[in-house]
Each structure stands twice: as structure tokens, then as C-alpha cells.
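**Q** Return atomic coordinates for the entry below.
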Amino acid sequence: MSKTILSPIIAGTMNWGVWDKNLTSKEMENIIHVCLENKITTFDHADIYGNYTTEADFGKAFASSKIARDKMQLISKCGIQMLAENRDNRIKHYDYSKAHIIWSVEQSLKNLQTDYLDVFLLHRPSPLMQADEIAEAVEKLKSEGKIIDFGLSNFTSSQTELIRQKTEVSYNQVQFSATNFEPMIDGSFDYMQLNNIRPMSWNPLGIVFRNDIPQTHRLKKILATLVSKYSLGADTILLAWVLKHPAKVIPIAGTVNVARIQSLIKAVELDLEKEDWFAIWAESMGEDVP
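**A** Now for the predicted structure:
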């Protein structure tokens, strides 16, 4: 079981830095404050974000903010080795050696200007990962107080079981939304519930506002009806759809729009009616449930 209490929605920092929004340190500091003021106290990072620069940018903003560390929870990940100026890699690959896991966590701590991570995740499964070696690294980091909870990201149930046999797994961050609903029908969420593993959902709005295809046309039509019914935005309703699943999924919201951050918690407060939940799923599939 997880020792950490995370906020019901997590702020995703992937696009805060040079990969997209390119926020200044002052802008980042402001967004951190806005998140905390609106009950979003958990921040999701990975070593690779911003080509290995966003953690350090966030760390500067956090240090400057003078916010007490115990007022927030920090998540980070390691394992993906990218081609970048500050990395000596010939090809994109994964590395879960004990030495790399420990080094990577220590780099994240330095960059984020903190003594510990509330949650540390392995970013993507590697065919070459050795469960014993991973467990050794995790247990060492836990015993030294550098990580509180350990989890995975984008791991299947069998890959999770492989790791879980050697060390406790508290989280698995997977892609889940009204347009990417496979985890709730392929057994992933069943497995997580059976084993007290809390799912996090990246890209919880799916492709609804990104792609112009029959599926998104159908969803936008039903969402327009529900926006009128609940007097809330379509993005809030889509998050409420994710939150209604009994696996207790925690969505990761990547927005840096202040008004959107302020409305995120409304998704937690909205109890979508059962038939509305099924209507969204049916429109996503393009047919009624069997």
C-alpha cells in the first residue's frame, strides 16, 4: 500500500519547459502557487522532460517560491535514455541497472532541490530489465529516505507482476481516457485493484480536442449535451469520466492555463450520472455496450 497521499488530480510538468510552453522561472513559480491554491499538490516529472532540463527549471522555481516541501508531493521517473546534448547516448534505449537507477534518482533530487521523491517510477518497461537488480536499487533508495513510494509507468500486468514479486509496487501510470480505455477492459485495472496498485492516467483527455475523426465528432456531440446539463466544461466532464472508475485513477493534467487549473478540482466534485458515463463510452466506441 502507498504511504503517500497524492492530490486527486496531478499537475503534469512535461510541457512546462523547453518541450512546449517554455515557462520562465517566475511563470513556473506562479503556476506552482496556482496549483497549490486549487488543491493540486502533486507534480509529475521525469528525468527526460525538456531534454533533461525541466526538473532543474522546476527546482529553481520551487526554491524561489519558499513553499514548504511538505505542502507538495513530487513524482519523477527514470529509465529512458534519450539522444540529448547532456547525455552520451548513441541510440534511444532503456537502462534499469542498479547504478543508473540510483544515479538518476540522485540527479532528480539535485535538480528538484529536494531531499526525497514522494513517488519514483520506472518510465517504460525494458525487455532487458532484471527484477532483482531493480528491487535492490529501490530498497536501497527507500532505506536512505530518498524515495517514499515506488511504482511503474506503462507496464502491463505481467511486467508489473515480475517487479512486484521482488519489491512493492504502489502505482502504475498508464494512458487512460474516454478515447484510450483499454486498461479498463484488458484486465489492467482489475489487476491493479487486486494488488492495491493505484493507477495514474497520462493524457486523461485523450484525443477529443486533438483529432478530427468520427470518434471525436461523436464525443463532442455528447459532450455538448453534458456541458449544458452539468454547466461545466467538456474537459472537466472528461476528467470526471476517468475519476468515476473504481480503480481510483488519478488523472495527470498538463495545463498551465490558470482558469483551467482553477476548474480542475470541479471534476473531483462532479459525480457523473451512470448513464452519462456509459453514453460517453458508447460514443467513443461508436456502438452501445454489448
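
**Q** Could you pull out the strands in the stretch 1-150 of the chain for me?
**A** Using DSSP state E, counting those that start in this stretch, the strands found in the stretch 1-150 of the chain span residues 10-12, 42-44, 73-78, 80-81, 93-94, 117-122, 147-153.

**Q** Direction included, what does the second one pair against?
**A** Its sheet considered, strand 42-44 pairs with strand 10-12 (parallel), strand 73-78 (parallel) by DSSP bridges.

**Q** Now distance to Lys39, mean pLDDT and mean neighbour count too, for these, in CSV please.
**A** Every residue, glycine included, has its C-beta placed from N, CA and C. Shown next, in CSV, are these (distance: least, Cβ to Cβ, whole Å; pLDDT from 0 to 100; neighbours: other Cβ atoms under 10 Å):
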stretch, distance to Lys39, mean pLDDT, mean neighbour count
strand 10-12, 11, 98, 26
strand 73-78, 12, 98, 25
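
**Q** and Pro251, which of those is closest to it?
**A** Ranking the strands paired with strand 42-44 by distance to Pro251, with Cβ to Cβ as the measure, places strand 10-12 first at 7.1 Å.

**Q** Mind putting the strands paired with strand 42-44 into JSON lines with distance to Gly254?
**A** Below are the strands paired with strand 42-44 laid out as JSON lines (distance: least, Cβ to Cβ, whole Å):
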{"stretch": "strand 10-12", "distance to Gly254": "4"}
{"stretch": "strand 73-78", "distance to Gly254": "13"}
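
**Q** now for the ones you listed, which one comes closest to Leu264?
**A** strand 10-12 (8.7 Å).

**Q** Now do the closest one: everything it contacts.
**A** With contact meaning Cβ atoms under 8 Å, 6 or more residues apart in numbering, strand 10-12 is reached by 31, 35, 40, 42-44, 75, 200, 202, 250-254, 261.

**Q** swap the cut-off to 7 Å and go again
**A** Cys35, Ile40, Thr42, Phe43, Asp44, Met200, Trp202, Ile250, Ile252, Ala253, Gly254 (Cβ atoms under 7 Å, 6 or more residues apart in numbering).

**Q** ok, now stretch 212-225?
**A** Ala178, Thr179, Ile207, Val208, Ala234, Ile237, Ala279, Ile280, Glu283, Ser284, Gly286.

**Q** What of stretch 16-36?
**A** Contacts for stretch 16-36 (Cβ under 7 Å, 6+ apart): 11, 15, 49-51, 53-54, 57-58, 60-62, 64-65, 67, 71-72, 256, 258, 261.

**Q** Just the buried residues from the residues you listed, in ChimeraX please.
**A** Buried residues among the contacts of stretch 16-36 (16 or more other Cβ atoms under 10 Å), as a ChimeraX selection:
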select :11,15,49,50,53,54,57,58,61,62,65,67,72,256,261
